[in-house]
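Engineer: Below are the sequence and a predicted model; questions follow.
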Amino acid sequence: MTTALITGTTAGIGAAFAGRLAADGHNLVLVARDEKRLREQAADLHDRHGVEADVLVADLSEDDGIAAVEARLRDRTHPVDLLVNNAGFGNRDRYLEVPITDELRMLKLHCEAVLRLTSAGAETMRGRGRGGVINVASIAAFFPRGTYGASKAWVVQFTQGAAKDLASAGVRMMALCPGFVRTEFHARAGIKRESVPSWLWLDADRLVTAALKDFARGKSLSIPDPRYKAMTGLAKLAPRSALSSLSSKVGRPPAKA
């Protein structure tokens, strides 16, 4: 039986990945900061699907948390076959309205943690000749949207480049770029749902189903919804100034004077 390690697993896209992979018969390593919620989730998945679900409490915006997950990924006696780097957060406010400490914390989580965990997992997978990594980015990677969009653009570029480097070693890698998904993510960022057009919202379970199909097909980039695929295509043609104006308004309050 294979094992999947998922970060940011107690809610939203991470929880949807955990539920789907458990239903498919994968053992799990669940990673998040909230131990109580992790243990409740692990018990529920074990009871419903009969899989082993281990708990690893870690804050991936801190060095100690990253190191703990790196160590688990390097454990060759209990190998991880699939790594899903999903942990992340967003800031509602614009550049210079967000404290620099929050900006740096975001970069550590979205970039440094993804790099270090991917490297730890992929190195072990390469030694075994098989394995896979899904790095959750965002549709924001294709639009000018401050630190968040920039960090997710890095995830896409890094993942696609690494995918080419590791293809011959039997390690598959894919960047997943969802749009607005009905999860706790936006509430935590202070983004009100009514500030986003209703037709832009996606369902986490359907998103994960589409993403895993793309991963099975060997894609290095997944934009699992026709609406967002169309938007990404238009983004390549539209003037950057127009894109910047649009992306700065959706899901954000008016700019401060």
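Structural biologist: Looks like it arrived, so ask away.

Engineer: Counting residues, which helix of this structure comes out longest?
Structural biologist: Longest helix in the chain by number of residues, with DSSP state H as the criterion: helix 146-166.

Engineer: next structured bit after that helix?
Structural biologist: strand 171-176 (DSSP states H and E).

Engineer: Partner strands of that next one, with direction?
Structural biologist: strand 131-136 (parallel), strand 221-222 (parallel) (DSSP bridges).

Engineer: So for residue 10, which of those strands sits nearest?
Structural biologist: Among the strands paired with strand 171-176, the nearest to residue 10 by CB to CB is strand 131-136 (14.6 Å). For every residue, glycine as well, the C-beta is placed using N, CA and C.

Engineer: So what's the gap between that closest one and the chain middle?
Structural biologist: Chain-centre distance of strand 131-136: 9 Å, with CA atoms, centre = their mean, to the nearest Å.

Engineer: and what of stretch 38-58?
Structural biologist: That offset, for stretch 38-58, works out to 20 Å (CA atoms, centre = their mean).

Engineer: show me where the stretch 1-150 of the chain has helices.
Structural biologist: Residue ranges of the helices in the stretch 1-150 of the chain, as given by DSSP state H, counting those that start in this stretch, are 12-23, 35-49, 63-73, 100-107, 113-128, 146-166.

Engineer: Now do the longest one against helix 113-128, angle only.
Structural biologist: So that's helix 146-166. Helix 146-166 runs at 10 degrees relative to helix 113-128, counting by axes from the mean of the first three to the mean of the last three CA atoms, to 10 degrees.

Engineer: Mind listing what's buried along helix 146-166?
Structural biologist: 146-156, 158-160, 162-163, 166 (16 or more other CB atoms under 10 Å).

Engineer: Thanks a lot, catch you later.
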